[in-house]
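Engineer: Okay, predicted coordinates and the sequence, questions at the end:
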Amino acid sequence: MIVRPLFRSLSRPLFRALSGAVSVITKVLIDLSPTADAHYSLSSPILFTGDFEIEIDVLINSFTRFMVFSGGTSANDFELFYDATDGKFSYRVSGVNPSGTTSANNYLTINELRTLKVKRVGTTVTLSSPNRTDYVVTISGSLRINNFAARPSVIDLFLDGIESNIKLTDITTPANSFVFPLANLTGNTETSNGVTLTYQNIGTGNSVRDTYTLINDDYFGSELVVNGDFATDSNWNKGTGWTISGGLANLDITSSFSTLDQTVAVVGLSYIVGYRVSNYVSGDVSAKLGNTDPATIRSADGVYSEFIIPASDSLIKIFNNTAVSEYSIDNVSVKRYIEVA
C-alpha cells in the first residue's frame with residue numbers, strides 16, 4: 001500500500017468532497033483495461049490534409065507503452081506513441097518515425113489527467129501540454145487516424161489508463177471537425193459529424209466506468225463504502241470491542257487489537273480514504289485499504305484523509321495499534337481519486 005501526501009491544500013474542502021456536501025461539476029471517466037484490449041475505434045478513418053489540432057485528455061495507471069491515437073502502419077497512417085521505458089513520445093507515419101526524434105521525457109505522471117495537444121500548421125507539428133516542453137517536428141502530407149488508446153493489431157500497445165475529451169479540429173476546413181467526450185456510463189457509441197466512435201471491449205467486467213465530481217481542480221469518483229455513516233448496524237465486520245449505534249462505530253477495548261472492515265470494489269488504482277474520529281479517550285486509530293503496511297496512526301479527535309494505492313485484498317480496515325483504545329468513528333469514505341494537471 002502506498003500512502004501519498006496531499007498534493008493540494010484540500011483539508012476542509014476535501015472532506016466535503018468525500019461526504020458529497022457541495023454542488024460540483026460531474027464527468028464520466030473510463031479506466032481502460034489493457035488485458036481486455038479496451039480501446040476506441042472510428043467507423044471511418046479521419047483524414048487531415050491541411051492544418052489540424054488533436055486534443056485528448058490522458059491518464060496512465062502504470063508505465064506501459066501505448067498509442068495515444070493510431071491509424072495503423074499503412075501509407076499516411078498517423079500515430080502518437082508513448083514509450084514507457086523513458087517516458088518519451090514520438091510520432092509514427094506509415095509505421096515509421098518520420099523525424100527520428102523523441103519528446104522530452106517525463107511527459108506523463110501516474111494518476112494525473114493531462115491534456116495533450118498535437119497541432120500542425122504548414123508542415124510544423126507541435127505536441128504541447130501544461131508545464132511540459134513542446135515537442136516540434138516536421139511532417140508533411142495527408143495524415144489519417146482511426147483508433148484511440150491502442151494500435152489494436154499489437155497486443156502490448158493498449159493504454160492502461162484513461163482517455164477522455166477527444167477534439168479533432170480541422171483548422172483548414174472547420175466543418176470537418178469532430179468531438180468525442182468518451183463519457184458514456186452505459187452506452188458503447190458516440191457520434192460526431194456523421195462519424196461513429198465505438199467503445200471496443202469496454203465491458204463492465206473489464207474496464208471501470210464511473211461518474212466523477214470535480215473539486216479543487218481534481219476528480220473524485222463515486223462512494224465505494226456502504227453505510228459509511230453507520231446509520232444502521234450492518235455491512236461492517238466487527239472485531240472484538242467494536243459496536244455500532246447512534247450513527248457511530250465505537251471501539252472500547254483494553255487488551256487486544258481489533259478491526260472493523262468491509263470489502264470495497266477497488267482495482268489497484270489511486271484512492272482517497274477519509275474518516276472522522278470523535279469521543280477520543282485513549283489509544284489510536286488507523287485506516288488502510290488493502291493488506292499492506294504502513295498505515296498512518298491518529299490519536300486525537302479530527303477529520304482525516306489520505307491517498308492510497310491498495311495492494312493485496314480490497315478491504316477497508318479501521319483498527320487500533322494500541323491495545324487500550326477508546327473512541328468513535330464515522331463518515332468512512334473510499335473514492336477513486338484523479339489529479340488534474
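Structural biologist: It's in.
Engineer: Please enumerate the strands of the stretch 101-250 of the chain.
Structural biologist: Assigned by DSSP state E, counting those that start in this stretch, the strands in the stretch 101-250 of the chain fall at 112-121, 124-128, 135-138, 143-148, 161-170, 178-180, 189-192, 195-200, 208-215, 218-220, 237-238, 242-245, 248-253.
Engineer: And those: which comes nearest P310?
Structural biologist: Between P310 and the strands of the stretch 101-250 of the chain, the tightest spacing by CB to CB is seen for strand 208-215, at 14.0 Å. Any C-beta I mention is one placed from the backbone N, CA and C, and that applies to glycine too.
Engineer: What is that closest one packed up against?
Structural biologist: If you count contacts as 3 or more CB pairs under 8 Å, 6 or more residues apart in numbering; DSSP states H and E, strand 208-215 packs onto helix 11-19, strand 25-31, strand 218-220, strand 325-340.
Engineer: How is the protein partitioned into domains?
Structural biologist: In terms of domains, the chain is parsed into 2-25+221-340, 33-206 (source: automatic domain parsing).
Engineer: so can I have CSV of those showing distance to T213, mean neighbour count and mean pLDDT?
Structural biologist: Output for the domains of the chain, formatted as CSV (distance: least, CB to CB, whole Å; neighbours: other CB atoms under 10 Å; pLDDT from 0 to 100):
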stretch, distance to T213, mean neighbour count, mean pLDDT
domain 2-25+221-340, 4, 17, 84
domain 33-206, 14, 17, 94
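Engineer: roughly how far out does stretch 253-263 sit from the chain middle?
Structural biologist: Distance of stretch 253-263 from its chain centroid, counting by CA atoms, centre = their mean, to the nearest Å, is 31 Å.
Engineer: Just the terminal-to-terminal distance for that stretch.
Structural biologist: 24 Å (CA to CA, to the nearest Å).
Engineer: Which one, of the helices and strands packed on strand 208-215, ends up nearest to V68?
Structural biologist: Nearest to V68, of the helices and strands packed on strand 208-215 and by CB to CB, is strand 25-31 at 15.3 Å.
Engineer: Not counting its own residues, what contacts that closest one?
Structural biologist: Among residues not part of strand 25-31, those counted as contacts by CB atoms under 8 Å, 6 or more residues apart in numbering are 61, 113, 161-162, 164, 182-185, 199, 202, 207-214, 219, 267, 269, 338.
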